[in-house]
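sequence plus the predicted model coming up.
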Amino acid sequence: MPQADDKPALYTVEGGVLSLSGLALQEFLRAVLARGLPFRFGARGASMDPFIRDGDVVTIVPGNARRPRLGDVVACCHPREGHLVVHRVIGTVPHGVVVKGDANEVLDGVVAVGDVLGVVSSVRREGHRVVIGTGPERWLLGHLSRLGVLRLMVMRARALAHRVNATLGRTGSARGGDTRG
């Protein structure tokens with residue numbers, strides 16, 4: 001018989017953080033959104049860089065039965081690989097949406113509308129809200145990403161920032177000292 005002070009280890013983690021990944025994260029996200037609640041988690045990877053960076057806190061809300069639109073950033077299962085991704089809608093087809101990571105060269109493919117788990121409502125980086133990427137400009141970003149131009153623009157902006165910082169004698173890049181890519 002469990003003691004009164006026993007905590008279910010599966011759901012309770014010291015510090016209020018539950019570490020999930022893979023299928024467990026996907027199923028937990030699905031269950032929370034099905035109840036109409038927002039779901040917040042730390043993003044991993046660089047596929048949406050610079051708009052969502054590794055470690056940013058992303059909030060996903062239920063799609064409220066509306067079809068995702070061009071430029072929306074959605075949480076869904078990767079159409080070929082099956083893992084959870086948070087990527088931008090770059091097009092629509094009659095039975096679904098086409099998604100792609102902003103920093104990726106190759107699109108993910110078509111996701112059936114029913115397989116879109118939710119939509120990104122906010123992104124926080126180091127405690128501050130990220131305002132570019134999920135607001136009204138998402139439509140333009142969706143077009144630029146579909147054309148393959150967004151990734152090139154970001155790469156050129158980073159190279160320029162790196163040159164400016166080097167000229168001014170600063171180390172690192174405009175990304176707060178991160179010298180990757």
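Yep, that arrived.

so where is this structure shaky, pLDDT-wise?
1-21, 65, 170-181 (pLDDT under 70).

now with 80?
1-25, 64-66, 132-135, 169-181 (pLDDT under 80).

residue closest to the middle of it?
In the chain, the centroid-proximal residue (C-alpha atoms, centre = their mean) is residue 86; its distance is 3.8 Å.

adjacent strands (with direction) for the helix or strand hosting it?
When elements are assigned from DSSP states H and E, residue 86 belongs to strand 84-93. Paired neighbours of strand 84-93 in the sheet (DSSP bridges): strand 73-77 (antiparallel), strand 96-100 (antiparallel).

run the chain-centre distance for that strand.
Here strand 84-93 is found 10 Å from its chain centre; the criterion is C-alpha atoms, centre = their mean, to the nearest Å.

what comes up buried for it?
84, 85, 86, 87, 88, 89, 90, 91 (16 or more other C-beta atoms under 10 Å). Using the backbone N, CA and C atoms, a C-beta is placed for each residue, glycine as well.

okay, it in CSV with CA atoms only?
Extracted in CSV, the C-alpha atoms of strand 84-93 (Å, rounded to 0.1, in the frame of the first residue of the first chain):
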residue,chain,number,x,y,z
LEU,A,84,7.2,15.5,-33.1
VAL,A,85,8.2,18.6,-35.0
VAL,A,86,7.4,22.3,-34.6
HIS,A,87,7.6,23.7,-38.1
ARG,A,88,6.1,26.4,-40.2
VAL,A,89,3.2,25.9,-42.7
ILE,A,90,4.5,26.8,-46.1
GLY,A,91,1.6,25.7,-48.2
THR,A,92,-1.8,24.1,-48.2
VAL,A,93,-3.3,21.2,-50.2
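
centre of the chain versus the longest helix along the chain, how much separation?
Identified as the longest helix of the chain according to DSSP state H is helix 149-167. Chain-centre distance of helix 149-167: 22 Å, with C-alpha atoms, centre = their mean.

just checking, what packs against it?
helix 138-147 (3 or more C-beta pairs under 8 Å, 6 or more residues apart in numbering; DSSP states H and E).

and the helix it packs on with helix 149-167, angle?
If you take axes from the mean of the first three to the mean of the last three C-alpha atoms, to 10 degrees, helix 138-147 sits at 100 degrees to helix 149-167.

brilliant, that's me finished.
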